[in-house]
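In: With the input below, show me the fold.
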Amino acid sequence: MPSITDIPMLPVIHVAIVEDDPGFRDALSKVVQVAPDMKLAGMAGTRAEGLAMLQGPPADVLLVDLGLPDGSGIDVIVAAVTQWPSCNIMVSTTFGDETHVMRSIEAGAAGYLLKDSSPAKMIDEIRSLASGGSPISPIIARQVLARFRGAAAPSTAAASGTTGMAGTTAANQRSAGTRGQEEASVLLSVREKEVLDYITRGFTAQEIAKLMQLSPFTVRTFVRRIYSKLKVTSKTEAIYEARTLGLLPD
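Out: Sure, this is the predicted structure:
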């Protein structure tokens, strides 16, 4: 009969966090601390604190928010690649635009997650990253694929030769009818649509935060992103524009 010492132990994943939202940071640190295969290696709430943390022992996984109060989390990613070369870096942020995504990946991030899920669900993503995976939010993956498809399009067209004006016109006509719907469907992330739906039903930011298991700060960030994407400045305008685009039922 094997003794307790014969039972293999789970490898411990040392996790460091750079996150300026106190609520999200505390919730994430708690789930890391209770996970049997993880240990919290350090926490930072600013760019400066994050860079200082890199002077200590390296972690296995580094979670970085991009929107820090004193600068960009990308600076922390760049420094971590040099100072913690064996560390797996994952972005956890509310920024889902192409510029932030590509800059983070180019800087050295191996994963990119929007704050769509609760901290508890991120534990599995941390394990995936530590095992060599590259966790990425679906909407971000779609953006990355679209970027590479766009980059490949000119070479594909050159290889195939000229198909004629009539063929080009026909292709444009086939795609024009659905382009508007496609743009509207990817305009807001799933989580942003969920926030907008709660706003439509009259819930406050505090109530939405509890329902979605997010911090009020994160919810307010989602609201700002919704307004920016829809190019509006009020709840009424956001609801009207979203319905016009087919993002909400009439």
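In: Show the low-confidence segments of this structure, by residue range.
Out: Applying pLDDT under 70 to the chain flags residues 1-10, 116-117, 143-144, 147-187, 217, 249-250.
In: So which residues of it form helices?
Out: Listed from the start of the chain, the chain has helices (DSSP state H) covering 22-34, 47-53, 73-83, 98-107, 119-130, 138-160, 165-187, 190-200, 205-212, 216-230, 235-244.
In: what helices or strands is the shortest one leaning on?
Out: Taking 3 or more Cβ pairs under 8 Å, 6 or more residues apart in numbering; DSSP states H and E as the contact definition, the neighbouring helices and strands of helix 47-53 are strand 13-18, strand 38-44, strand 71-72, helix 73-83. Quick note: C-beta positions are derived from backbone N, CA and C, even for glycine.
In: Nearest the middle, which residue of the chain would you pick?
Out: Most central in the chain under Cα atoms, centre = their mean is residue 114, positioned 2.3 Å from the mean C-alpha point.
In: what's that one in contact with, if anything?
Out: Taking Cβ atoms under 8 Å, 6 or more residues apart in numbering, we find residue 114 in contact with 93-94, 96, 137, 139-140, 189, 191.
In: beta partners for it?
Out: Applying DSSP bridges to residue 114 yields these beta-bridge partners: residue 93.
In: Would you mind measuring from it to residue 208?
Out: To residue 208, residue 114 is 16 Å away according to Cβ to Cβ, to the nearest Å.
In: Next: residue 219.
Out: Taking Cβ to Cβ as the measure, residue 219 falls 5 Å from residue 208.
In: Which one of the two is surrounded by more residues?
Out: Comparing residue 219 with residue 208 by neighbour count (other Cβ atoms under 10 Å), the higher total belongs to residue 219, at 26 against 23.
In: Please tell me how far that one sits from residue 94.
Out: For residue 219, the distance to residue 94 equals 10 Å [Cβ to Cβ].
In: Double-check residue 238 against residue 196; I have them as touching.
Out: Yes. Applying Cβ atoms under 8 Å, one finds residue 238 in contact with residue 196, separated by 6.6 Å.
In: Residues that sit against both of the two, list them.
Out: Once Cβ under 8 Å, 6+ apart is applied, the residues that residue 238 and residue 196 both contact turn out to be residue 226.
In: tell me how far the ends of stretch 11-21 are from each other?
Out: The first and final residues of stretch 11-21 sit 29 Å from each other (Cα to Cα, to the nearest Å).
In: Number the chain from 23, please
Out: With 23 as the first residue, the last one maps to stretch 33-43.
In: List the buried residues in that stretch.
Out: Within stretch 33-43, the residues that count as buried by 16 or more other Cβ atoms under 10 Å are 35-43.
In: got any residues that touch both of residue 241 and residue 230?
Out: With Cβ under 8 Å, 6+ apart as the test, residue 241 and residue 230 both reach residue 217.
In: What's the separation between residue 76 and residue 118?
Out: Here residue 76 is placed at a distance of 26 Å from residue 118 (Cβ to Cβ).
In: ok, now residue 77?
Out: Taken as Cβ to Cβ, the span from residue 77 to residue 118 is 31 Å.
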